[in-house]
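> Got a predicted structure plus its sequence, pasted below:
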Amino acid sequence: MQLAHLKHPAALIGIAAVAGVAFGLIVGDWAANLKVVGDVFIRLIQMAIVPLVMASVIAATGSMGGQGTGRLAGRTFSWMIGFSVLSAALAVGLSMLLQPGAGVSFDGAVDPAFEESAASAASWQDTVLGFFSTNIVGSMSTGAMVPIIVFSLLFGIALNQYVSKSGSRLLLDGIEQVQQVVLLLIRLVMKVAPIGVFALLAALAGDVGFDVVTSGLAYLGTTLLGVVILTLVFVAVVAIRCRINPLRLPRKLAEQTVVAITTTSSAVTFPTVLKNTVERIGVSRRVADFTLSIGLTMGSYGAVLNYTIVVLFLAQSGGVELDPLQIVFGMGLAVLLNMGTITVPGGFPVVALFLAGTLGLPVEAVGLLIAVDWFTGIFRTFLNVNGDTFVAMLVASADDELDHDVFDEVEAVAAAEGETVAQR
């Protein structure tokens, strides 16, 4: 039994993560040579994300009948926006209470490339316009997820009307099959996840070590506390509204949690979240396809929490007093940036500098935040991916599409057609 547990994907990835950190700390700078292996693993996952998201949103929207699209979208957006606002408000409260930026001393220089990126960052008006692509192929090539999802939603609605009028499901069936094939492709890639995770964390530990953590403990602690509080709120709401036993959740969310915290990427974790939400939680494929795809960019509650803390941290570190209107504006920017950034590692420096430049905050302290961003990335991604599953549960429960027999492990279900899942 113990050996069987060690062969579980989550266990293998967790072991690889610990081994990678230990190896990197032991060998030091040489571990950077392994980074290319980890980067290849990330790219193998990333190359399939755009077709998977497009196929999932189009298939989910195109297969709905009557008022299904509007009702499902309304519930999804309501929960996501509500929890995003809650995340931003909690971040303000914790930051004002704990003052993570007060008294911080920083001497690290900011990469000029990041400053240049921030200087050229779009205004909020341009950010909103960026949600609507003039060239969907161009958006696909750059991984701009929001315009891709907007296009997929509109395409799915049009396809839904076409199927209703013509009675032909040929295109819809083809898109659903594309979705299943891409899912199988990603599952093949995930078989080498332990190797990729080992390489990624070995390179990081060899380069940074743990010394950098001590200078940002207050910032890290504030973010972690916010994640813990929001997770407890999520679990409480889900347990009450979905009528489930919350003690079952940790084991059911273990695999996606491990992938999330080791890759720090919601996009890379998306296939695992989609599979677990259907197979282990019991959410219908219809709701999971739609809600989780939307949540990939709009459901980043950990990012909203973190970005809002960044605003207050930068203000406190530079002795800048923000009035209530500026704080609300900062919260709004955090929510807006959450919907407009790509859910892969590496985007934080530009986001932080964009916030600093927009609100007139000191950019020097961003160097400290960048130095510890891998750790805050763990916190952000943990809440992002599990929050998406919680929202999917809430939406599914409202439409009676949460299978309690699957959640209670009375029966099993497969996320992909043609697969069988062993009874758990």
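Arrived safely, thanks for sending.
> Can you tell me the closest non-neighbouring residue to residue 404?
Excluding the flanking residues, the one nearest residue 404 by C-beta to C-beta, 6 or more residues apart in numbering is residue 282, at 6.5 Å. Quick note: C-beta positions are derived from backbone N, CA and C, even for glycine.
> My guess is residue 140 contacts residue 147. True?
No: if you go by C-beta atoms under 8 Å, residue 140 and residue 147 don't touch, sitting 9.2 Å apart.
> Who has more neighbours out of those two?
residue 147 (21 against 17; other C-beta atoms under 10 Å).
> how much space between the more buried one and residue 246?
37 Å (C-beta to C-beta, to the nearest Å).
> Same question for residue 291.
20 Å.
> More neighbours: which of these two?
residue 291 (31 against 14).
> what residues are up against that one?
Contacts for residue 291 (C-beta atoms under 8 Å, 6 or more residues apart in numbering) come out as 72, 76, 283, 388, 391, 392, 395, 396.
> repeat that for 6 Å
76, 392, 395 (C-beta atoms under 6 Å, 6 or more residues apart in numbering).
> before we move on, what about residue 352?
310, 366, 369.
> and the first one, that's in a strand?
No: secondary structure of residue 310, determined by DSSP: H, G, I helix; E, B strand; the rest coil: helix, with no strand assignment.
> burial of it, as a residue count?
28.
> Mind telling me what element the residue nearest to it when sequence neighbours are not counted is part of?
Distances taken as C-beta to C-beta, 6+ apart put residue 352 closest to residue 310, at 5.4 Å, once the chain neighbours are dropped. Residue 352 belongs to helix 348-359 when assigned by DSSP states H and E.
> Just the CA trace of that helix, in PDB.
Extracted in PDB, the C-alpha atoms of helix 348-359 (Å, rounded to 0.1, in the frame of the first residue of the first chain):
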ATOM      1  CA  PHE A 348       5.100  39.500 -12.200                       C
ATOM      2  CA  PRO A 349       7.900  42.000 -12.800                       C
ATOM      3  CA  VAL A 350       6.000  43.900 -15.500                       C
ATOM      4  CA  VAL A 351       2.800  43.800 -13.400                       C
ATOM      5  CA  ALA A 352       4.500  45.100 -10.300                       C
ATOM      6  CA  LEU A 353       6.200  47.900 -12.200                       C
ATOM      7  CA  PHE A 354       3.000  48.800 -14.100                       C
ATOM      8  CA  LEU A 355       1.200  49.200 -10.700                       C
ATOM      9  CA  ALA A 356       4.100  51.300  -9.400                       C
ATOM     10  CA  GLY A 357       4.200  53.500 -12.400                       C
ATOM     11  CA  THR A 358       0.400  54.000 -12.600                       C
ATOM     12  CA  LEU A 359       0.000  54.900  -8.900                       C
END
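> about what we covered before: what do residue 140 and residue 147 both touch?
Common neighbours of residue 140 and residue 147 (C-beta under 6 Å, 6+ apart) do not exist.
> Mind listing residues that contact stretch 148-155?
By C-beta under 6 Å, 6+ apart, stretch 148-155 touches 54, 57, 58, 61, 131, 136, 139.
> One more: stretch 48-59?
So stretch 48-59 is contacted by 140, 149, 152-153, 155-156, 175-176, 178-179, 182, 185-186, 267, 289, 293 (C-beta under 6 Å, 6+ apart).
> residues of that stretch that come out buried?
Neighbour-count burial for stretch 48-59 flags 48, 49, 50, 52, 53, 54, 55, 56, 57, 58, 59 (criterion: 16 or more other C-beta atoms under 10 Å).
> Please apply the same query to stretch 249-264.
249, 252-264.
> Could you single out the nearest of the residues you listed to residue 407?
Comparing those against residue 407 with C-beta to C-beta places residue 252 closest, at 7.7 Å.
> Look up how far residue 45 lies from the residue nearest the centre of the chain.
In the chain, the centroid-proximal residue (C-alpha atoms, centre = their mean) is residue 266; its distance is 3.1 Å. Distance, residue 266 to residue 45, by C-beta to C-beta: 11 Å.
> Need the pLDDT of the residue located most distally from the centre of the chain.
Of all residues in the chain, residue 166 sits farthest from the chain's C-alpha centroid, using C-alpha atoms, centre = their mean; the distance is 37.7 Å. Per-residue pLDDT puts residue 166 at 90.
> Also residue 125?
At residue 125, the pLDDT recorded in the model is 70.
> Against residue 131, how distant is it?
Distance of residue 125 to residue 131, given as C-beta to C-beta: 11 Å.
> The two - which one has more neighbours?
Taking residue 125 and residue 131 together and counting by other C-beta under 10 Å, residue 131 has the greater number of neighbours (15 against 8).
> sec struct for the more buried one, please.
Residue 131 is classified as coil under three-state DSSP.
> Quickly find the element holding the residue lying closest to it once chain neighbours are set aside.
Take residue 131 and drop its neighbours on the chain: the residue closest to it by C-beta to C-beta, 6+ apart is residue 146, 4.9 Å away. Residue 146 belongs to helix 145-166 when elements are defined using DSSP H and E.
> following that helix, which helix or strand shows up next?
According to DSSP H and E, the helix or strand after helix 145-166 is helix 170-190.
> tell me what that next one is packed against?
helix 35-62 (3 or more C-beta pairs under 6 Å, 6 or more residues apart in numbering; DSSP states H and E).
> centre of the chain versus the helix it packs on, how much separation?
Between the centre of helix 35-62 and the centre of its chain there are 13 Å (C-alpha atoms, centre = their mean, to the nearest Å).
> need the next SSE after that helix, C-terminal direction.
Proceeding N to C from helix 35-62, the next assigned helix or strand is helix 68-98, under DSSP H and E.
> Can you spell out which helices and strands pack onto that following helix?
helix 217-242, helix 285-298, helix 301-317, helix 324-340, helix 373-398.
> tell me which residues in the last one are buried?
Judged by neighbour count (16+ other C-beta under 10 Å), helix 373-398 contains these buried residues: 373-398.
> Going by contacts, tell me the helices and strands next to that helix.
By 3+ C-beta pairs under 6 Å, 6+ apart, helix 373-398 packs against helix 68-98, helix 217-242, helix 254-263, helix 266-276, helix 285-298, helix 301-317.
> buried set for the first one?
Going by neighbour count (16+ other C-beta under 10 Å), the buried part of helix 68-98 is 68-69, 72-73, 75-77, 79-80, 83-84, 86-88, 90-92, 94-95, 98.
> Retrieve the pLDDT associated with the nearest residue to residue 318 once chain neighbours are set aside.
Computed as C-beta to C-beta, 6+ apart, the closest residue to residue 318 that is not its neighbour in sequence is residue 362, at 3.5 Å. Note for residue 362: predicted pLDDT of 74.
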